[in-house]
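Asks: prediction below, plus the sequence it came from.
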Amino acid sequence: MSAVGTQLTALALPTLAIFQLHATPLEVGWLTACSFAGYPVVGVLGAPLIDRFAHRSMLLAMNGLRATALATVALAGALGLVSLGQLAVVALVVSGGTALFDAAYQATVPRLVQADRLLGANARLETSQATANFAGPALAGWLIGLIGAVATIIGDAFSYLWSALMVSLITVADEPARTPRPNPVRDILVSFVIWRRYPALIAIAACVVISNVGNMAVRTALLLVTYRAFGLGPVAAGWILGTGGLASVLGATLAGRASTKLGIGPSLVIATTIEGLAWAIAPLGLAGAPFVVLGVASALSGVMTPIWNVNVVTLRQRIVAGSEQGRVVAVSRAFATAGVAIGAVMGGALATILEAALGEQMGLVAAMTAGALVASLSAIPLIAGGVARMRTLQVVAETP
């Protein structure tokens, strides 16, 4: 339910900026960057907290924080005071809360599920996320057209309150002791030292940075291409994103089979390459049927995302000690989302430059294609770092 709500904001926030506030491509890029910038900043600073405080308390607090931040958009909307600055601050706060929530969430799963069932459990959780990725954008596009972008964002605030209610029903055993530590800076540095002990994670982090730089350049340009280059509306945008979500449901069911048949390393290489490269077909939309072209690209990319997510999360949970899970997750996600923020700004800047040089339609499409080509290079660190040669989780689990 919370994941569906997140998809409402993911479409409504930039749509509000583009249509009501007439944001430029660069402003859309900065807004998108703020939607993820909290991960590297808050994720790293908060990393030591994850393994020192009760996970459930962290999950509840972050749900409350995100719901409150989104509620301010409704208040500003009612007063006619919505601005790009406020949207950027709200996006930053929500992304920071999500960074801590996700780190605590992923660190909690191994406490609830036996090691030999982690792959299946993560696949089921990813299926839930994938289902939301399908239903959420389609619902968001319909709601934006029906009640407006501001009111649609309120649905996300309520979804976080629902999430808090559900989390309150979970009992997590063996919570970390709440012992204060006098040197938080040293604690943060220790988090990086712990993370560096796992070579596979370093190669994966490099891969994810490249992938996210390219894919977020694509994502930043996507709505601009949809609305301004191809003349489609929010409903169409919702269905394009929803198609990727539907495909990701299939990908989540195939994640375990892919790693079993191909090996975990080859599965990761294939998934990260196709996930980005799929959007390189966007120029075909200039010849006609742009809705179909973007839908196909979204589907190809969408089916690969959960194959990557399920296998990477399971790998990390298997090789990292339980007492270090929170810090390692936070540091890993900090690197990943640093690439997201960079890619979002790069996508906005590239779209601005190419739009001026080639015209609005050609320039925006070219910016999206360039991002796709960058993302397609993300498998290089996996190959160079030896991750591509990994075959099974059992072998990986023995890596120090």
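Replies: That came in fine, so what should we check first? Numbers count the residues shown, from 1 in each chain.
Asks: can you give me the strands in the protein?
Replies: Remark: strands of the chain are absent; assignment by DSSP state E.
Asks: packing partners for the longest helix anywhere in the chain?
Replies: Determined from DSSP state H, the single longest helix within the chain is helix 325-358. Counting by 3 or more C-beta pairs under 8 Å, 6 or more residues apart in numbering; DSSP states H and E, the packing neighbours recorded for helix 325-358 are helix 25-50, helix 84-112, helix 184-196, helix 199-224, helix 290-319, helix 360-375. Yep, even glycine has a C-beta here, placed from its N, CA and C like the rest.
Asks: dump the ones you listed to a markdown table, plus mean pLDDT, distance to residue 386 and mean neighbour count.
Replies: Listed next are the helices and strands packed on helix 325-358 as a markdown table, based on pLDDT from 0 to 100; distance: least, C-beta to C-beta, whole Å; neighbours: other C-beta atoms under 10 Å:
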| stretch | mean pLDDT | distance to residue 386 | mean neighbour count |
| --- | --- | --- | --- |
| helix 25-50 | 73 | 26 | 24 |
| helix 84-112 | 84 | 24 | 21 |
| helix 184-196 | 71 | 16 | 15 |
| helix 199-224 | 89 | 7 | 24 |
| helix 290-319 | 88 | 13 | 23 |
| helix 360-375 | 94 | 22 | 23 |
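Asks: and those helices: which comes nearest residue 335?
Replies: helix 199-224 (4.2 Å; C-beta to C-beta).
Asks: run the chain-centre distance for that closest one.
Replies: Offset of helix 199-224 from its chain centre (C-alpha atoms, centre = their mean, to the nearest Å): 10 Å.
Asks: what do you get for stretch 122-140?
Replies: Mean C-alpha position of stretch 122-140 versus that of the full chain (C-alpha atoms, centre = their mean) differs by 12 Å.
Asks: ok, stretch 376-391 next?
Replies: 21 Å.
Asks: what's the first-to-last distance across it?
Replies: Taking C-alpha to C-alpha, to the nearest Å, stretch 376-391 runs 22 Å from one end to the other.
Asks: what's the burial count for residue 348?
Replies: Per other C-beta atoms under 10 Å, the neighbour tally for residue 348 reads 27.
Asks: er, residue 227 I mean
Replies: Residue 227 is flanked by 19 other residues according to other C-beta under 10 Å.
Asks: surely it is in contact with residue 14?
Replies: No. Residue 227 lies out of contact with residue 14 (C-beta atoms under 8 Å); the separation is 9.5 Å.
Asks: can you add distance to residue 269 and give the helices and strands packed on helix 325-358 back as a markdown table?
Replies: Formatted as a markdown table, these follow (distance: least, C-beta to C-beta, whole Å):
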| stretch | distance to residue 269 |
| --- | --- |
| helix 25-50 | 24 |
| helix 84-112 | 23 |
| helix 184-196 | 22 |
| helix 199-224 | 9 |
| helix 290-319 | 10 |
| helix 360-375 | 13 |
